[in-house]
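Engineer: what would the 3D arrangement of this be:
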Amino acid sequence: MQLSGVNKMRKDYALEQVDPFADEKLASEFQVPTAALFTFRALAVDYLWIRAENLKENGQFFDANHLARMICVLQPHLAEVWDFQAWNMAYNISVEMPTPGERWLWVMHGVELLRDQGIPKNPKKIKLYHTLANTFFHKMGGITDDDHRFYKWQLAKELGPLLNKIYSDTNDGGDKKDIEMMAKMPEDLSELLKDEAIAKLVDRIKEIAGGFENDDEMILAIIDRDRIKNEEARSGINSLIEQNKYEQSMIDLDLFVRAYQLRNKWKLEPAEMVKVNEQYGPRDLLEDNVFHSLDWRLPWTQGLYWAKQGLAKVEDMNVHDAQNLNRMVYHCLQDLYKYGKMTIYLSREQELLMAEREKGQEILAHQSVEYLPVFNSQDLRMLDVAYKESANIVASLESEGYKVPGGVDSFISNLVRNGVFTLYLQGRELEARRKYNAFAKDNPGNEAFQQPIETFVVKAMKEEIESITPQYATVAVLSNLTNAYKSLVFDEEDNAARLVYLAEEIFKKYKKEFPDADDFTQRTTLPYMSALKAMAAAQVFDDPQIIGNPGLGDKLMARINLEEHGEWLFDQLKPVWDAKKQKIQAERAKRKAQQDK
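Structural biologist: Numbering: from 1, shown residues only. Modelled structure (predicted):
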C-alpha cells in the first residue's frame, strides 16, 4: 500500500522512472551499461561526467556529447544535469567549432536537449525554462558571440517558411490572423484527411512525387519543395500548389503543414503563440486598439515564449524563480523594442564586392557573406508594450514583498528615454510629448522627466553623441534619412540635403570611433549607407500621410530613381512599396464594403 502511494506521487509530480529501452533513438551501446548500472547510477554518473569533461577539454566533442546524453538518461529528473549539458553544448562546445554553420548546430543541440527532452521529462523545473529562454535571448539574440548574425539569419531562414503561406515568396515574421488560423488546425493528419477535398489533393501530391516514405516526409516536401530531387516531380507539385492556392482545400493544407512543423519541430503551439501575441504583440502606430503579431523569427520572441511557458505551467513557484522568469520576459520585451525590426537584404556595396570576385570564386563569396544581410533595428511599435508590461512585472513582484533591484527601474527609465528621443528625432513631436508626459506623471520622483521635453531631448542627444553606440548611430542615421525622404515627398530639397548630410556625418563619426565598422565579421557594426537608405525609405511608407495618399509614395519612388545610384535603391524598394500599396488598397476596399452595409 505504501509503495502504491509513493508511485502515485511519482506520477503526480512527473517523476516516474524512465525506461531507457523505451526510447528507440537511444543508441544500442547505451542499453547494456544502463541496465547493468541501475544499482550504481550515482557512481556511474560521477565517472561519466568527469570523462565527458576530459573529452571536451581534449577536443573530442562528439564523444563528449555521446556521454552527455547518457548522463541525462541516467539522471532524467535532475534539472541540473539537463541544464549543464545544454549550456555546455550551446556555449562551450559551439565556440570551439571552426565555422558558423557548425557553431549553429551545437547551439541548436543545446536548445533541442532542453526543449525536446529535458522539459517534457521535467515540466515543473523552472531552471530549464529559464535556460532555454536565455539561450535564445542571450546566445542568439546578444552580440557576445562572433557569429550572432549567422544565428539570427539561420533562425529566420528556418522559421520564415512556417510563418508565411507556402506559395508566397515573402519571409515575414508572422501574421496575427494566420497564426490564429493555424491554432485551429488538428494535430494529426488523419483528422485533416476526413475532408474529402483535402484527401484528394494529398493523394494527387503523392502521385506526382511518386510516393513518400511517410507523412512527415510529405509535409516537409510541401513546405520545402527543394527537398524533392526529381525535377519533374518538383515542378509538378509547384504547379499543383499554384493552381489551387485559392481553393479552401489548399488553404487548409497549407495551414496544417506549417502548424504541424511548428508543433513538432519547434515545439511552438500556435494556440500559445496567439496568447503571447495578444499580450505582447506590437501596437499599431495609427490605431491604439489594434495590435499585430510579434516577429516569430526573432530570438527574443522565442525567449519570451519559453519564459511565458514556464510562468504558466509551474504553479506555486517561489518568488526567486518567478523573478528570474519575469526578468527574462522584460529583457526580451526591451530587446524586441530595440532590435525587433528585422531587415534581410544585401547592400549595394556588398553586391559590388561579390561581383568583383574572380570567376570561379562565386560560391566562396556567397558563403562568406550570406549571413551579413541580417540587420535588426528599433521597432517603435513595441515601446508601449515593453514599458507597460515591464512596469506591471515590477509592481507585481513588489506587491509580493520582493525587493526589485534598482537596475530594473533604470532599464525601464532608459527604455522610455530612448523612445521619446527617437520619436522626437523622427519629427513625431506630439507623440513624443504625449509619452514623455505620461511617464513623468507615473514617475514623479524621476528628475530626468521633470523638465521641458526640449531640454530633455538636447541633453539626451549630447550624451549619445559623446559616447556614440551602435544603437544610437542606427537610430540617428535612420531618423535623419527618414525625415530626408519625407522632405523630398513635399519638395523640400534643401531640408532633405541637410538631413542627409547629418546622417552621413553621424555615420562617419561612428566609423571613426569603431575602425572595424566595415568589417562585417565584427559583432558591433552598421550596414552600408545604401542599406540604411533603403530601410529609411521603407519606414516612410508607414507614415500616415503616405498611407492616406499613396500617390505620395509613388512620387517618392520617382524621386529616388533620379538620385545617384537611385536605380539600385528603386529596385530594392519597389516590391516593398508595391506590397504596401496593395495592402492600403485592400484596407480601403474593406472599409468601403463595411460602410456600404
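Engineer: can you give me the helices in the stretch 351-500 of the chain?
Structural biologist: Applying DSSP state H, counting those that start in this stretch to the stretch 351-500 of the chain gives helices spanning 362-369, 383-399, 406-425, 429-442, 453-466, 470-489, 493-513.
Engineer: buried deepest among those helices, which one?
Structural biologist: The highest mean neighbour count among the helices of the stretch 351-500 of the chain, using mean count of other C-beta atoms under 10 Å, belongs to helix 470-489: a mean of 22. Heads up, the C-betas are built off the backbone N, CA and C, glycines and all.
Engineer: picking up where we left off before, now the helices of the stretch 351-500 of the chain in a markdown table, with distance to Leu43 and mean pLDDT?
Structural biologist: Compiled in a markdown table, the helices of the stretch 351-500 of the chain are given as follows (distance: least, C-beta to C-beta, whole Å; pLDDT from 0 to 100):
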| stretch | distance to Leu43 | mean pLDDT |
| --- | --- | --- |
| helix 362-369 | 47 | 39 |
| helix 383-399 | 42 | 83 |
| helix 406-425 | 44 | 77 |
| helix 429-442 | 58 | 87 |
| helix 453-466 | 58 | 77 |
| helix 470-489 | 51 | 81 |
| helix 493-513 | 56 | 81 |
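Engineer: buried residues of stretch 218-235, list them for me.
Structural biologist: Neighbour counts using 16 or more other C-beta atoms under 10 Å place 218-223, 225, 228, 233-234 of stretch 218-235 among the buried residues.
Engineer: from the residues you listed, which land in strands?
Structural biologist: Taking DSSP state E, every one of those sits outside strands.
Engineer: for these, which one is nearest Lys512?
Structural biologist: Ile223 (46.3 Å; C-beta to C-beta).
Engineer: so Ala473 versus Arg588, what's the distance?
Structural biologist: 38 Å (C-beta to C-beta, to the nearest Å).
Engineer: what sits closest to Cys332 if chain neighbours are left out?
Structural biologist: In space, Cys332 comes closest to Leu304 once its chain neighbours are excluded; the distance is 4.1 Å by C-beta to C-beta, 6 or more residues apart in numbering.
Engineer: residues contacting the one you found?
Structural biologist: Leu304 makes contact with 133, 276, 280, 294, 328-329, 332-333, 336 under the criterion C-beta atoms under 8 Å, 6 or more residues apart in numbering.
Engineer: same thing but 7 Å
Structural biologist: For Leu304, the contact set (C-beta atoms under 7 Å, 6 or more residues apart in numbering) comprises 276, 280, 329, 332-333.
Engineer: just to be sure, it is in a helix?
Structural biologist: Yes - assessed by DSSP: H, G, I helix; E, B strand; the rest coil, Leu304 belongs to a helix.
Engineer: helices and strands around the helix ranked longest in the chain, which ones?
Structural biologist: Longest helix in the chain by number of residues (criterion: DSSP state H): helix 566-596. Applying 3 or more C-beta pairs under 7 Å, 6 or more residues apart in numbering; DSSP states H and E, one finds that helix 566-596 contacts helix 529-540, helix 550-562.
Engineer: burial count for Met264?
Structural biologist: Wrong residue type there; residue 264 is Asn, not Met. 13 (other C-beta atoms under 10 Å).
Engineer: before we move on, what about Met529?
Structural biologist: Residues near Met529, counting by other C-beta under 10 Å, number 19.
Engineer: and the pLDDT at it?
Structural biologist: Note on Met529: pLDDT of 82.
Engineer: which residues are in contact with it?
Structural biologist: Contacts of Met529 (C-beta under 7 Å, 6+ apart): Phe507.
Engineer: tell me how far it lies from Lys200.
Structural biologist: Counting by C-beta to C-beta, the gap from Met529 to Lys200 is 54 Å.
Engineer: do Ala593 as well
Structural biologist: Note on Ala593: its distance to Lys200, by C-beta to C-beta, is 33 Å.
Engineer: quick one, which of these two is more surrounded?
Structural biologist: The neighbour count for Ala593 versus Lys200, taken as other C-beta under 10 Å, is higher for Lys200 (12 against 9).
Engineer: separation between Pro550 and Leu255?
Structural biologist: For Pro550, the distance to Leu255 equals 31 Å [C-beta to C-beta].
Engineer: look at those two and report which has more neighbours.
Structural biologist: Ranked by neighbour count (other C-beta under 10 Å), Pro550 and Leu255 place Leu255 first, with 21 against 17.
Engineer: would you agree that one is in contact with Met182?
Structural biologist: Yes - taking contacts as C-beta atoms under 7 Å, Leu255 lies within contact range of Met182: 5.3 Å.
Engineer: rewinding a little: now the helices of the stretch 351-500 of the chain in a markdown table, with distance to Leu569?
Structural biologist: Output for those, formatted as a markdown table (distance: least, C-beta to C-beta, whole Å):
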| stretch | distance to Leu569 |
| --- | --- |
| helix 362-369 | 20 |
| helix 383-399 | 28 |
| helix 406-425 | 22 |
| helix 429-442 | 28 |
| helix 453-466 | 27 |
| helix 470-489 | 10 |
| helix 493-513 | 13 |
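Engineer: now for those, which one comes closest to Glu158?
Structural biologist: helix 362-369 (17.8 Å).
Engineer: what residues sit buried inside stretch 80-96?
Structural biologist: 81-94.
Engineer: okay if I get those as CSV plus pLDDT and secondary structure?
Structural biologist: Shown next, in CSV, are the buried residues of stretch 80-96 (pLDDT from 0 to 100; DSSP: H, G, I helix; E, B strand; the rest coil):
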residue, pLDDT, secondary structure
Val81, 84, helix
Trp82, 90, helix
Asp83, 90, helix
Phe84, 86, helix
Gln85, 87, helix
Ala86, 92, helix
Trp87, 91, helix
Asn88, 88, helix
Met89, 90, helix
Ala90, 94, helix
Tyr91, 92, helix
Asn92, 87, helix
Ile93, 87, helix
Ser94, 91, helix
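Engineer: against Trp106, how distant is the nearest residue in space to Gly59 that is not next to it in sequence?
Structural biologist: Using C-beta to C-beta, 6+ apart and skipping residues adjacent in sequence, the residue nearest Gly59 is Glu96, 6.9 Å away. Distance from Glu96 to Trp106, counting by C-beta to C-beta: 8 Å.
Engineer: give me the element His130 is part of.
Structural biologist: Assigned by DSSP states H and E, His130 belongs to helix 126-134.
Engineer: my bad, should have said Thr343
Structural biologist: Secondary structure from DSSP H and E places Thr343 in strand 341-344.
Engineer: contacts only, for the closest residue to Lys341 other than its chain neighbours.
Structural biologist: Take Lys341 and drop its neighbours on the chain: the residue closest to it by C-beta to C-beta, 6+ apart is Asp379, 4.4 Å away. The contact partners of Asp379, taken as C-beta under 7 Å, 6+ apart, are 282, 336-337, 340-341.
Engineer: now do 10 Å
Structural biologist: Residues near Asp379 by C-beta atoms under 10 Å, 6 or more residues apart in numbering: 282, 294-295, 298, 336-342, 385-386.
Engineer: of those residues, which is the nearest to Phe61?
Structural biologist: Closest to Phe61 out of the contacts of Asp379 is Leu298 (28.4 Å), distances taken as C-beta to C-beta.
Engineer: tell me the contacts of that closest one?
Structural biologist: 136, 140-141, 152, 155-156, 159, 173-174, 304, 332, 335-336, 339-342, 376, 379.
Engineer: distance of the closest residue to Leu499 other than its chain neighbours from Val540?
Structural biologist: Closest residue to Leu499 apart from its sequence neighbours, by C-beta to C-beta, 6+ apart: Ala484 at 3.8 Å. Distance, Ala484 to Val540, using C-beta to C-beta: 9 Å.
Engineer: joint contacts of the two?
Structural biologist: Joint contacts of Ala484 and Val540 (C-beta under 10 Å, 6+ apart) do not exist.
Engineer: from the chain's centroid, how far away is stretch 268-275?
Structural biologist: Counting by C-alpha atoms, centre = their mean, to the nearest Å, stretch 268-275 is centred 15 Å from the centre of its parent chain.
Engineer: residues in contact with it: which ones?
Structural biologist: Residues contacting stretch 268-275 (C-beta under 10 Å, 6+ apart): 115, 159, 162-163, 174, 176, 178-185, 187, 255, 258-259, 261-263, 276, 281, 293-294, 296, 301-302, 305-306, 308-309, 312.
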